[in-house]
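Chemist: Predicted coordinates and the sequence they were generated for:
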Amino acid sequence: MPDEAIKKIIVRAPNWIGDAVMATPTLTALRRTFKAAEIVLLAKPAVAALFEQHPDIDRVMIYEDPGPHTGFFGFFRLISAVRAERFELAFLLQNALEAALLAYFSDVPKRLGYATDGRGILLTAKLKKKSAPPHRIEAYLALMQLTCEAGQHAKRMEKTLPYLVLTASERASARLFLKSQGVNLNKPLIGINPGAAYGTAKRWLPERFAETADRLSEAGQAQILIFGGKSEVTVAQDIQGRMQADAVILTGKTTVRQMMACIRECRLFISNDSGPMHVASALKVPQVAVFGPTNPEASFSNGPHDVLVRKQVDCAPCRHRECPIDHRCMTGLEADRVYRIAQRLLEAPLKKQPAVFLDRDGTINPDDGYIDSIARFSLFPDVGKAIARLNKAGFYTVLVTNQSGVARGFFDAAFVEELHLYLQRGLAREGAYLDGIYFCPHHPDWMSCDCRKPAGGMIDQALSDFRIDFSSSYVIGDKVSDMLLAEALLPAEKAQSVLVKTGEGEATQKKLRDSGKIPDHVAKDFPDAVDWILKQKPRDATSDEKRRT
Ligand SMILES: [Mg+2]
Ligand SMILES: [Zn+2]
């Protein structure tokens, strides 16, 4: 069956959070390869939460274990649920026999994965585990070669960085949550993650975490946050008790998505080799990753903002959950070393990138009144390709839209978010993404807010959420209020404004002319505006590989 004809794919996610994050480049590759297919991720609850807003998959099916899918009968309940979906391809990122049994008994005709755990006979296309590259990111990606004829490998296995997605409202709620926990948000936040679900061998010593955190908090006037799961509360309390500075314990208090959003607020993260290390890396938070018994060649997050630190010892890497000897890989690693690396990361100026702020209605999609259903939403031609070009050129792409239909009661904020996820999923098929999406839900007459364009509230929020250089940024829109956004930060900084003739663009051009104001450029439509932007003086841009936030 040609791949274009495949309509439904089930991806069995790994069970550990760290592995699941390392599988995201493969999900991106699948998304870009099977553009027409519905991609459903089957995942246990914690991993399912990780992917709630992920645009590379269309839907998450929860493997409820513990719960209705536990045990022998539970497994058969799961099989009948999967079988009812009539998937055409099963892509197994989880290496257990069980995953293959599930695909086989659910009558999925194509079953791809590693021939591990004695399950080779159940797979229709397989790789030997021995042939897998050592690093897990690449080992997952290598499975893509099973989806195609030889010769197409390179394109399908195109490497992207792991990434996770949070909405602007999740980030705003996380800030409220942190405040409610007594966190001072005016200080730089430093997160530490002293646990490791796998076992104590992966844990650096609590007294050293405490010493490092104290010194950092003193030197940088920083606020320390302690992260971790419910089983790690004791170690968090131990560290807090040893510290002079105030540390706020978030351990065991957050859902997976809250944990992600709180990590994203941190200026620096210090972690053992664990799920949160991969989360911080995928969210591009500068990080010191402390490795002991595990092999960084296989599992270091290796993101552009990650620094690995470890003590070289003869017995590492080992695969022990608990150290059978003196834990020298960790006891040999002094607090001072971690402190100095952390301090260097804090002092390094964060490199800023230009952004393109884009309007929604009338700019990237037809503006025919309030869009109150997903069926009424479609993009102008070639918008996805144009956004992908901005992504590749290293621009942040940030959507800013007035949606007073919320205040007017035509639809609610949850609908706007659902529509935006639909938009992101459509863009993902074209290899494009929006880094941020902001909308003002307020009514122009009933209340004055600082976010409704032309006010600059959404720009301000984007500047605090991303490392944006505003003076080399652009605003694209079809209304006067969009053009004024370019001046939202005057007299400090001005961006360039680009008016598109779609939507209300023609009328706006006349209005601007009459008032003696002109945008910096007038373009036929959005792709034309992007052409112009990319022709301006070359920016200090990084590629898609380097930056995805
Ligand atoms: Mg508009
Ligand atoms: Zn507003």
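Modeler: Right, received. Where do you want to start? Model, not experiment: these values are computed from the prediction. Ligands and ions are numbered 1, 2, ... in the order given.
Chemist: okay, now the domains of this structure?
Modeler: Under the assignment automatic domain parsing, the domains of the chain span 3-156, 168-347, 355-535.
Chemist: how about a markdown table for those domains, with mean neighbour count added?
Modeler: (Glycine included, C-beta is placed from N, CA and C.) What follows is those, written out as a markdown table (neighbours: other C-beta atoms under 10 Å):
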| stretch | mean neighbour count |
| --- | --- |
| domain 3-156 | 19 |
| domain 168-347 | 19 |
| domain 355-535 | 19 |
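Chemist: got the ones you listed as CSV, with mean pLDDT and distance to Pro162 columns?
Modeler: Rendered in CSV, the data for the domains of the chain read as follows (pLDDT from 0 to 100; distance: least, C-beta to C-beta, whole Å):
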stretch, mean pLDDT, distance to Pro162
domain 3-156, 94, 4
domain 168-347, 92, 4
domain 355-535, 95, 14
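Chemist: how about those domains, which one is nearest ligand 1?
Modeler: Ranking the domains of the chain by distance to ligand 1, with C-beta to the ion as the measure, places domain 355-535 first at 3.5 Å.
Chemist: circling back to that earlier point, any chance of the domains of the chain in CSV with distance to ligand 1 as columns?
Modeler: What follows is these, written out as CSV (distance: least, C-beta to the ion, whole Å):
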stretch, distance to ligand 1
domain 3-156, 23
domain 168-347, 19
domain 355-535, 3
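Chemist: nearest to ligand 2, of those?
Modeler: domain 355-535 (3.1 Å).
Chemist: Can you tell me which residue is spatially central in the chain?
Modeler: Centroid check for the chain by C-alpha atoms, centre = their mean gives Leu164 as the closest residue, at 1.7 Å.
Chemist: That one and Val285: what is the separation?
Modeler: Distance, Leu164 to Val285, using C-beta to C-beta, to the nearest Å: 11 Å.
Chemist: on that earlier part again, my guess is the residue nearest to the centre of the chain meets Lys284, correct?
Modeler: No - with contacts counted by C-beta atoms under 8 Å, Leu164 stays clear of Lys284, the gap being 9.7 Å.
Chemist: excluding its backbone neighbours, what's nearest the residue nearest to the centre of the chain?
Modeler: Here the nearest residue to Leu164 in space, its sequence neighbours aside, is Ala282; by C-beta to C-beta, 6 or more residues apart in numbering that works out to 4.4 Å.
Chemist: Now do the strands in the stretch 101-250 of the chain.
Modeler: For the stretch 101-250 of the chain, the strands defined by DSSP state E, counting those that start in this stretch cover 110-114, 125-127, 189-193, 223-226, 247-249.
Chemist: Name the surrounding residues that touch the longest helix along the chain.
Modeler: The residue-count maximum for a helix in the chain (DSSP state H) belongs to helix 413-429. Under the criterion C-beta atoms under 8 Å, 6 or more residues apart in numbering, residues 28, 31-32, 35, 53, 55-56, 58, 165, 167, 169, 371-372, 374, 377, 379, 384, 387-388, 399, 403, 406, 433-434, 437, 439, 441 lie in contact with helix 413-429.
Chemist: Can it be said to contact ligand 2?
Modeler: No - in terms of C-beta under 5 Å from the ion, no part of helix 413-429 sits within range of ligand 2; the closest distance is 11.3 Å.
Chemist: Give me every residue in this protein lying close to ligand 2.
Modeler: If contact is defined as C-beta under 5 Å from the ion, the residues of the chain in contact with ligand 2 are Cys440, His442, Cys449, Cys451, Arg452.
Chemist: can you redo those as JSON lines with secondary structure and distance to Pro276?
Modeler: Putting the residues of the chain next to ligand 2 into JSON lines (DSSP: H, G, I helix; E, B strand; the rest coil; distance: C-beta to C-beta, whole Å) gives the following:
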{"residue": "Cys440", "secondary structure": "strand", "distance to Pro276": "33"}
{"residue": "His442", "secondary structure": "coil", "distance to Pro276": "36"}
{"residue": "Cys449", "secondary structure": "coil", "distance to Pro276": "35"}
{"residue": "Cys451", "secondary structure": "coil", "distance to Pro276": "31"}
{"residue": "Arg452", "secondary structure": "coil", "distance to Pro276": "37"}
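Chemist: list the contacts for Asp372?
Modeler: Counted by C-beta under 8 Å, 6+ apart, Asp372 has contacts Gly405, Phe410, Phe411, Phe415.
Chemist: Secondary structure for those - can I get that in JSON lines?
Modeler: As requested, these are exported to JSON lines (DSSP: H, G, I helix; E, B strand; the rest coil):
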{"residue": "Gly405", "secondary structure": "coil"}
{"residue": "Phe410", "secondary structure": "coil"}
{"residue": "Phe411", "secondary structure": "coil"}
{"residue": "Phe415", "secondary structure": "helix"}
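Chemist: which one of these is nearest Leu143?
Modeler: Comparing the contacts of Asp372 against Leu143 with C-beta to C-beta picks out Phe415 as the nearest, at 36.6 Å.
Chemist: hmm, back to that, reformat the strands of the stretch 101-250 of the chain as TSV; add distance to Glu232.
Modeler: Rendered in TSV, the data for those read as follows (distance: least, C-beta to C-beta, whole Å):
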stretch	distance to Glu232
strand 110-114	31
strand 125-127	35
strand 189-193	9
strand 223-226	9
strand 247-249	10
